[in-house]
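Visitor: need a 3D model of the sequence below.
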Amino acid sequence: MIARRWTGRVPAERSDEYLAYLNATGLKDYAATPGHLGTTVLRRTVDGITEFELTTFWESTDAIRAFAGDDISIARYYPEDEEFLLELNEHVEHWEVVASPA
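Guide: All right, here's what the predicted structure looks like:
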């Protein structure tokens, strides 16, 4: 199993709005992609900025490629992301999952 990790930051006052947007776009698309095994969304607010960390779990790099495109190291964004995010991180991280909670 492979974990794909992405982080983004939004103004705290738009946090709930961005979470709803995530649910309607990326989270929906992840779930519809064959080989997607689940998603964890973490959120925290510090000094007026809300950070989101999304970790998606995949059967293989081929499954990730079906979602992200040929270069799986590049983050995939949606048209309205620029309206929310303070910056667009170009890359995501991939990790081999060697243990997970039961």
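
Visitor: what helix or strand does residue 67 sit in?
Guide: Element membership for residue 67 (DSSP states H and E) is helix 61-68.

Visitor: and that helix, what's buried?
Guide: Going by neighbour count (16 or more other C-beta atoms under 10 Å), the buried part of helix 61-68 is 63-64, 67-68. The way it works is simple: take the backbone N, C-alpha and C, and place the C-beta from them, glycine included.

Visitor: do stretch 94-102 as well
Guide: By 16+ other C-beta under 10 Å, stretch 94-102 has no buried positions at all.

Visitor: start the count at 140 instead of 1 going forward.
Guide: Done: numbering now begins at 140, and the last item shifts to stretch 233-241.

Visitor: which ones are touching the nearest residue to residue 140 once chain neighbours are set aside?
Guide: Leaving aside its chain neighbours, residue 140 sits nearest to residue 236 (4.2 Å; criterion: C-beta to C-beta, 6 or more residues apart in numbering). By C-beta atoms under 8 Å, 6 or more residues apart in numbering, the contact set of residue 236 is 140-142, 196.

Visitor: which of these are buried?
Guide: By neighbour count, with 16+ other C-beta under 10 Å, those hold 141-142, 196 as buried.

Visitor: shouldn't residue 153 be within a helix?
Guide: Yes: assignment of residue 153 by DSSP: H, G, I helix; E, B strand; the rest coil places it within a helix.

Visitor: pretty sure residue 207 contacts residue 215?
Guide: Yes: using C-beta atoms under 8 Å, residue 207 is in contact with residue 215, at 5.1 Å.

Visitor: give me the three-state assignment for residue 196.
Guide: Residue 196 - assigned by three-state DSSP - is strand.

Visitor: what's the helix holding residue 206 in contact with?
Guide: Here helix 200-207 has contacts from 141, 143, 168-169, 172-175, 197, 211, 213, 215, 231, 233, using C-beta under 8 Å, 6+ apart.

Visitor: what pLDDT is listed against residue 239?
Guide: Note on residue 239: pLDDT of 85.
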